[in-house]
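Engineer: please find the sequence and the predicted model below.
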Amino acid sequence: MNKKQFLKTYKKIEAMDQRETVSTEKASLYRSEYDERLIKDFHYAKFQKNLDNAQKSEALKELLEKESWDETDTKKLLESLR
């Protein structure tokens, strides 16, 4: 491979890398800012609901105060978190 071919190949590779970088920057998870806000608000509301349910759950409070757990306690925990 002579010097000219090497430089030409190097330029092609460099151009390919730049195109890949541009295409990955443009890729977005959401279709629009409105969709992004809507989805994030939905997940936040879902998180708040689950947090509220966990804080009000008497079964969960009892389990957390227990020192030694057995298999039934673990099953109870999983059921209360669903």
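Structural biologist: Happy to help now that I have it.

Engineer: so what's K76 up against?
Structural biologist: 59, 63 (CB atoms under 8 Å, 6 or more residues apart in numbering). Every residue, glycine included, has its C-beta placed from N, CA and C.

Engineer: return the helix or strand hosting it as CSV; C-alpha atoms alone will do.
Structural biologist: Secondary structure assigned from DSSP states H and E places K76 in helix 71-81. Provided in CSV are the C-alpha atoms of helix 71-81 (Å, rounded to 0.1, in the frame of the first residue of the first chain):
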residue,chain,number,x,y,z
GLU,A,71,-39.5,-17.8,53.9
THR,A,72,-43.1,-16.7,54.7
ASP,A,73,-41.9,-13.3,55.7
THR,A,74,-40.1,-12.9,52.4
LYS,A,75,-43.2,-14.0,50.5
LYS,A,76,-45.2,-11.5,52.5
LEU,A,77,-42.7,-8.7,51.6
LEU,A,78,-42.9,-9.5,47.9
GLU,A,79,-46.7,-9.6,48.0
SER,A,80,-46.9,-6.2,49.7
LEU,A,81,-44.6,-4.7,47.1
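
Engineer: how far does it sit from the chain's center?
Structural biologist: Distance, stretch centre to chain centre, for helix 71-81: 25 Å (CA atoms, centre = their mean, to the nearest Å).

Engineer: in that helix, what's buried?
Structural biologist: Buried residues in helix 71-81, counted by 16 or more other CB atoms under 10 Å: S80.
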